[in-house]
Every structure is written in C-alpha cells, then in structure tokens.
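In: sequence and computational prediction follow.
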Amino acid sequence: MRPVALAPGAAALFDRRFIVRNPFDRPAVLRPLDRDGARAFGAAACGAPVLEIDGQIVAIPGENEVFAPLAAERFYQRVNRFH
C-alpha cells in the first residue's frame with residue numbers, strides 16, 4: 001500500500017478492509033508500519049496502519065494489544081499539548 005494523505009476529518013480504506021479516519025486538526029499520512037518502525041513491537045507489527053504528522057507516528061489505529069497502549073499514549077500526548 002502506498003502512503004495516503006488524509007486531511008483533518010478525512011477517511012481512507014486501509015488494506016481494502018479497514019476505514020481509518022484522521023481525528024487530528026492537521027493533515028496526516030496513513031501508511032503501513034515498516035520493519036524499522038515495527039522493531040519495538042515485534043515482527044507481527046510490520047504492515048500495521050499508522051498515522052503520521054510531520055514524519056512522526058501520532059496514532060496506530062486498531063485494537064491490537066500491542067498497539068492500543070501506544071496509540072492511546074501518543075493521542076493523549078498530542079491532545080494535552082493543546083490544553
């Protein structure tokens with residue numbers, strides 16, 4: 001899958017199965033997690049969908065137990081920066 005630019009509030013179909021929305025107020029890029037990015041999570045993480053803003057992962061959509069804590073942490077860090 002090629003990276004897909006997502007405007008704030010926009011959605012895209014990932015891997016022909018999952019609808020992923022950009023909940024942030026800035027444009028993001030939806031792409032599969034590459035091997036380098038997946039190193040911290042193990043081989044099973046490779047290919048998982050990620051949202052990036054300015055080249056940094058801000059969310060990993062999904063309910064996988066590996067990703068849920070990181071997605072929540074990144075999301076709350078991002079939200080708390082505005083409060």
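Out: Yep, that arrived. Residues are numbered from 1 along each chain as shown.
In: what's the pLDDT at the closest residue to residue 9 other than its chain neighbours?
Out: Leaving aside its sequence neighbours, residue 9 sits nearest to residue 22 (C-beta to C-beta, 6 or more residues apart in numbering; 6.5 Å). Using the backbone N, CA and C atoms, a C-beta is placed for each residue, glycine as well. pLDDT, residue 22: 88.
In: low pLDDT regions in the chain?
Out: Residues of the chain meeting the criterion pLDDT under 70: 41-44, 61-83.
In: so the residue nearest to residue 9 is in contact with residue 14, correct?
Out: No: with contact defined as C-beta atoms under 8 Å, residue 22 and residue 14 do not form a contacting pair (11.9 Å).
In: what is in contact with these two at once?
Out: Common neighbours of residue 22 and residue 14 (criterion: C-beta atoms under 8 Å, 6 or more residues apart in numbering): residue 30.
In: of these two, who's got more company?
Out: Legend: neighbour count by other C-beta atoms under 10 Å for residue 22 and residue 14, higher for residue 22 (23 against 19).
In: list the contacts for the more buried one?
Out: So residue 22 contacts 6-11, 28, 30, 51 (C-beta under 8 Å, 6+ apart).
In: before we move on, back to that, so how far is residue 39 from the residue nearest to residue 9?
Out: Residue 22 sits 25 Å away from residue 39, going by C-beta to C-beta, to the nearest Å.
In: repeat that for residue 59.
Out: Distance from residue 59 to residue 39, by C-beta to C-beta: 19 Å.
In: neighbour-wise, which of those two wins?
Out: Per other C-beta under 10 Å, whichever of residue 59 and residue 39 has more neighbours is residue 59, with 24 against 12.
In: tell me the phi and psi of the residue nearest to residue 9?
Out: Backbone torsions of residue 22, given as degrees, to the nearest 10, read phi -100, psi 100.
In: now residue 8. Nearest residue, chain neighbours left out?
Out: That would be residue 25: by C-beta to C-beta, 6+ apart, it lies 5.2 Å from residue 8.
In: the one you found: neighbour count?
Out: Neighbour tally, residue 25, other C-beta under 10 Å: 10.
In: right, and it touches residue 58 too?
Out: No: the pair residue 25 / residue 58 is not scored as a contact, 11.4 Å apart, by C-beta under 8 Å.
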